[in-house]
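J.: Quick one, fold the following:
(chains A and B)
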Amino acid sequence: MQWTGSFIPTLREAPADAEAASHKLLVRGGYIRQLHSGHYSLLPLGLRVHAKVESVVRQGMEEIGAQEFLLPAMHPAWLWQRTDRWDTMGPEMFRLQDRKQADLALAMTHEEAFTQIFCEISSYRSLPQIWYQIQWKFRDEPRPKSGLLRVREFAMKDSYSFDLDDEGLDRSFNAHYEAYSRTFKRLSLDAIAVEASSGAMGGTASVEFVVPSAIGEDDIVRCKECGYAANVERATSKAVSPPAEDTVNTTSDEPIPFPTPGVRTIADLEKFKGGAPAYRQIKTMAMMLDGELTLALLRGDHQLNLQKLSDTTGASDIRPATSEETLQKLGAHPGSLGPVGVTEHPIIADLVLQSQSGLTTGANKDDLHYSQVDMSRDVKVSQWVDLRSVDHGEPCVHCGAPLEMLRCIETGHIFKLGRRYAEAFGATLLDDKGVEQTITMGSYGIGIGRAVAAIAEIHHDERGLTWPTRVAPYEVVITVTNISDRNTMEAAERIYEDLQNAGVEVLIDDRDVRAGVKFADAELIGIPWRITVGRDIAQGEVELIERATGKLEKIPVVNISHYTAGRIASQLKASQTIR
RNA sequence: CGGGACGUGGCGCAGUUUGGUAGCGUGCCUGCUUUGGGAGCAGGAGGCCGCCGGUUCAAAUCCGGCCGUCCCGACCA
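T.: Below you'll find the predicted structure:
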């Protein structure tokens, strides 16, 4: 491609509202433009990178035997009503009506649509199946942000596995795990696979692939010693035990009430005469779960993890109870709440509290607390679960080493869905004994545009983007320092043709501008290899510069095309063959 | 949804306090000079000052309403 005549609108300055590095550079480099919040146009360079990322993702899918489809982006309401997600998806789903006032949705994912097609299969002999597509998804995000990282309209590779039994699902899930690991390596992303919450997808297990980056929105904990990694929404750790010298006096047979005027917080009670250290208190959080008051109990120095509470209860609408609600239902305002004697509301307690005694907590009467509370004796716990948030530095559950916390971009997510969708659609078939079985499913996603942004986020420097060759919009840029010098221009054009004939994707900068402008633009848009044809042409040489390293080689003109094509081919092959 | 910031040629900004001819840098066009790290000089094009309403002889500027964008939080596969 010739630069002259191409639409590569580079900018010297980034738009004022761009904050993320990938956002600034993709705009400055002429890759994307914003139409409105959360909706970006891909310009020619942007589309080329997007397509390359797609091709890497496709390779990974084809390697596990997945078959490519393309389903509609616009769905009838009934499809989503089958699984109840027409209602449960809420405002995040774009909805519209056609001229007949029939309800439609812009698809945010395609479990329903694929499962509906799967119903044509009626024999176990057809299994397993893995189906995928690369398709536009629409999600009415509350807050789009950071350029391509969080948008309302984006391409996603989504795949779906269909198996007869749990072992089959495990195989399909593991195949995706391996495929995703390879795919992110090929994209030059150091993705970490972490245990995650399944959220609105439901299902039994899910793993996120995340790339460490400060611009991300997911916090994960990781153990450097044993490799344990999980999203904070799910992560667990060994609770730090109270100091050994702090022995508990458990002589009392029942909780002892004591007045605590003005005490409203854990910290207040720590300082209060006759109070207790935080780790010896029960933190009682009155929560409204889909409108029902529920007590969530934690050790005083621990924090409630809302996602864990949501995952264990299945509640979708979770909020703290108001002080009017706690007064009415429990008899006190927040600050004096406690679980002792509470029987009419569910009590969900964190595992750390199990069989603890000598604890202090509110007495459900303002300005009154109990000491000497024994969890097993005094509290009617309906469910023991892991409820607390993990903190930086806590010991790993597996090996005890301190956990580190990392801010990450979520680039992929794989789910074991189980039979929920199959049941809703009646996706059954006959097994080898002629018995009807409901199949089990998995669903798996990679956001293409987000992957583009993540790569840009990782691969750039102060001068611009530094694309890995596999995803670069062009593999080589030929910078002609002076197009009006005939020797220079002719040599450049010969190299251009030779490279094209060798199958290399090459951009020739034939613009009538000064060399400095061309160097700056080439570095900004981040083409991995640059051939500078200029002053050395008198000696029959040109320069080959690797963008990412800045390494410069002087190469005879007669060898340059062959040499460069070879370097690129070996890079591409290295990426292709990652296992 | 709560908090904050912002909206003026393609991009970056000043001007708004104190109402009075819409400005600077960059980019763009033309010419001459220059030509390996975002050149110099000269000439030129380009703006419903986010939108609607109000106040006023007069509004980018003051008042009211609305819309939009970004950031933090909430939320979110």
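
J.: three-state assignment of the residue nearest the centre of chain A?
T.: Most central in chain A under Cα atoms, centre = their mean is A:E410, positioned 1.8 Å from the mean C-alpha point. At A:E410, secondary structure determined by DSSP: H, G, I helix; E, B strand; the rest coil is strand.

J.: and the stretch 1-150 of chain A, which residues reach RNA strand B?
T.: Proximity of the stretch 1-150 of chain A to RNA strand B (Cβ under 7 Å from any atom of the strand) is limited to residues A:10-17, A:19-20, A:34, A:36-38, A:92, A:108-109, A:137, A:139, A:141-146. Every C-beta, even on glycine, is put in place using the N, C-alpha and C of the backbone.

J.: repeat that for 6 Å
T.: A:10-13, A:15-17, A:19, A:36-37, A:92, A:108-109, A:142-146 (Cβ under 6 Å from any atom of the strand).

J.: Just the ones of these in strands?
T.: Taking DSSP state E, the ones among these that sit in strands are A:H36.

J.: Just the buried ones out of the residues of the stretch 1-150 of chain A next to RNA strand B, please.
T.: Restricting those to buried positions leaves A:T10, A:M108, A:T109, A:P144, A:S146, with burial counted as 16 or more other Cβ atoms under 10 Å.

J.: Starting from A:G449, give me the distance back to the fourth one.
T.: Noted for A:P144: a distance of 12 Å to A:G449, by Cβ to Cβ, to the nearest Å.

J.: Could you do A:L572 as well?
T.: Applying Cβ to Cβ, one obtains 23 Å for the distance of A:L572 from A:G449.

J.: got it, and A:H302?
T.: With distances taken as Cβ to Cβ, A:H302 is found 38 Å from A:G449.

J.: Same question for A:Q2.
T.: Counting by Cβ to Cβ, the gap from A:Q2 to A:G449 is 28 Å.

J.: Settle it for me: which of the two has more neighbours?
T.: Counted by other Cβ atoms under 10 Å, A:Q2 and A:G449 do not tie: A:G449 has more neighbours, with 23 against 14.

J.: Now the more buried one. Its backbone dihedrals?
T.: In this entry, A:G449 is assigned phi and psi values of phi -60, psi -40 (degrees, to the nearest 10).

J.: On the three-state scheme, A:D301 is what?
T.: A:D301 carries the three-state label coil when classified by three-state DSSP.

J.: Contacts only, for it.
T.: A:I266, A:A278, A:Y279, A:Q281 (Cβ atoms under 8 Å, 6 or more residues apart in numbering).

J.: can we see that at 7 Å?
T.: Contacts of A:D301 were listed using Cβ atoms under 7 Å, 6 or more residues apart in numbering, and they are A:A278, A:Y279.

J.: What residues does the stretch 451-579 of chain A have near RNA strand B?
T.: A:481-482, A:514-517, A:519-521, A:523-524, A:532, A:534-536, A:543.

J.: By neighbour count, which of those wins?
T.: Taking other Cβ under 10 Å to define a neighbour, the member of those with the most is A:T532, carrying 24 neighbours.

J.: Quick check: that one touching A:L552?
T.: No. Taking Cβ atoms under 7 Å as the contact criterion, A:T532 and A:L552 are not neighbours in contact, 8.7 Å apart.

J.: quick one: the strands in the stretch 151-300 of chain A?
T.: Remark: strands of the stretch 151-300 of chain A, listed N- to C-terminal, are A:153-163, A:192-195, A:205-212, A:218-223, A:229-231, A:256-259, A:282-289, A:292-299; assignment by DSSP state E, counting those that start in this stretch.

J.: Dump those into JSON lines; add mean pLDDT and mean neighbour count as well.
T.: Conversion of the strands of the stretch 151-300 of chain A to JSON lines gives the following (pLDDT from 0 to 100; neighbours: other Cβ atoms under 10 Å):
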{"stretch": "strand A:153-163", "mean pLDDT": "97", "mean neighbour count": "24"}
{"stretch": "strand A:192-195", "mean pLDDT": "94", "mean neighbour count": "20"}
{"stretch": "strand A:205-212", "mean pLDDT": "94", "mean neighbour count": "23"}
{"stretch": "strand A:218-223", "mean pLDDT": "93", "mean neighbour count": "22"}
{"stretch": "strand A:229-231", "mean pLDDT": "92", "mean neighbour count": "22"}
{"stretch": "strand A:256-259", "mean pLDDT": "92", "mean neighbour count": "14"}
{"stretch": "strand A:282-289", "mean pLDDT": "89", "mean neighbour count": "22"}
{"stretch": "strand A:292-299", "mean pLDDT": "90", "mean neighbour count": "22"}
